[in-house]
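**Q** would you be able to build a 3D model of this:
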Amino acid sequence: MVNRTMLSAANTMSQLQSKIDIIGNNLANTDTSGYKSKNATFGELLYQQFNNDKADEAPRQTALGIRMGVGAQIAQTQLVTKQGSLKTTDRYLDFAFTDENLFFNVQMNNHQLDGEPAQIVWTRQGDFQLSANDDGTSNLVDESGNYVLDADGEPIQFKGDLKDIRMDNNGVMQVAYTDGSTERIAFSVTKVNRPEILSHLSGTYFTLPENAVDLDVDGAMEQLVGNNRNQIALENGVIESSNVDTSKEMSDLIQTQRSYQFNARTVSMADQMMGLVNSIR
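**A** Okay, here's the model as predicted:
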């Protein structure tokens with residue numbers, strides 16, 4: 001019995017620590033534009049059922065028998081996809097979607113030696129930068145230096161010194177250069193119809209899970225091209241703030257820490273009981 005108590009508490013503590021890590025990651029990204037928070041929910045591990053004596057027919061409100069479990073585990077980690085608030089920056093390289101299901105396509109600069117193509121991921125983070133090239137051109141990149149892609153799946157490249165950028169309809173940039181020339185460049189945009197299948201890669205980056213081949217992903221997402229680009233709702237001069245609810249995260253953190261302390265105390269008491277039993281002569 002004492003061993004089962006310690007096992008149950010230890011199992012639960014490890015899972016509670018994982019939830020604390022999730023909450024901590026949410027709080028650490030409160031000021032990260034485009035960040036989507038995650039929520040962890042718990043479920044019971046397997047338990048053993050001990051039935052009552054069949055002759056015991058005493059009336060009761062609780063279920064019959066005794067259930068002895070081995071703790072709890074994180075049953076699901078859910079991505080919260082609701083739209084974050086929009087913050088005006090008046091910076092022409094800042095972009096934000098006004099529809100919560102739209103994502104930029106970004107090419108990860110993880111240059112691989114085996115010759116495989118660079119990984120394409122999705123992100124909502126739109127505070128972009130310029131990366132200058134030796135030939136006088138520049139690429140649009142995110143804060144990690146990854147290339148932002150155009151509608152043809154190629155890194156967005158500007159041919160000269162930028163003067164201004166204005167957003168047209170359908171996710172198209174009206175680019176003005178200092179030499180007076182102009183250019184139209186369309187963002188590559190993916191619409192995710194089933195965000196629950198997204199796999200969090202790191203930071204604000206998402207991709208398909210490794211077992212995507214085994215999942216029914218038909219219609220889960222679509223590349224917005226042609227007439228479907230009418231669904232793109234994109235503004236510049238603004239960024240989408242993180243959707244982390246700080247007050248909720250702090251409340252969850254306090255509750256989770258108390259549960260952790262309770263289970264730690266359970267381990268301590270079980271250890272004392274084992275010591276007491278071992279000391280009996």
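
**Q** what about Ile185, which helix or strand?
**A** Taking DSSP states H and E as the definition, Ile185 sits inside strand 182-186.

**Q** sheet-wise, list the partners of that strand with their directions.
**A** strand 172-177 (antiparallel) (DSSP bridges).

**Q** pull the distance from the strand it pairs with to the chain's centre.
**A** Relative to its chain's centre, strand 172-177 lies at 31 Å (CA atoms, centre = their mean, to the nearest Å).

**Q** for it, buried residues please.
**A** Neighbour counts using 16 or more other CB atoms under 10 Å place Val172, Met173, Val175, Ala176 of strand 172-177 among the buried residues. In this view, the C-beta of every residue, glycine as well, is placed from N, C-alpha and C.

**Q** turn these into CSV, columns for distance to Gln223.
**A** Formatted as CSV, the buried residues of strand 172-177 follow (distance: CB to CB, whole Å):
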residue, distance to Gln223
Val172, 15
Met173, 18
Val175, 22
Ala176, 28
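
**Q** reformat those residues as CSV; add pLDDT and distance to Arg265.
**A** Listed next are the buried residues of strand 172-177 as CSV, based on pLDDT from 0 to 100; distance: CB to CB, whole Å:
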residue, pLDDT, distance to Arg265
Val172, 92, 60
Met173, 92, 59
Val175, 92, 62
Ala176, 92, 65
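
**Q** so which of those residues is the closest to Asp152?
**A** The closest of the buried residues of strand 172-177 to Asp152 turns out to be Val172 (CB to CB; 12.9 Å).

**Q** who's in contact with that closest one?
**A** Listed by CB atoms under 8 Å, 6 or more residues apart in numbering, the contact partners of Val172 are Arg184, Ile185, Ala186, Phe187.

**Q** pretty sure Ala132 sits against Leu140.
**A** No: the criterion here is CB atoms under 8 Å, and Ala132 misses it with Leu140 at 11.6 Å.

**Q** these two: which is more packed in?
**A** Using other CB atoms under 10 Å, the more surrounded residue of Ala132 and Leu140 is Leu140, with 23 against 10.

**Q** report pLDDT for the more buried one.
**A** With respect to pLDDT, Leu140 scores 94.

**Q** just say helix, strand or coil for Ser14.
**A** With DSSP: H, G, I helix; E, B strand; the rest coil as the basis, Ser14 sits in helix.

**Q** neighbours of it, how many?
**A** Residues lying near Ser14 (other CB under 10 Å) number 12.

**Q** who touches it in this structure?
**A** Going by CB under 8 Å, 6+ apart, Ser14 touches no other residue.

**Q** could you chop this protein up by domain?
**A** Split into domains by automatic domain parsing, the chain comes to 2-53+65-80+245-279, 86-240.
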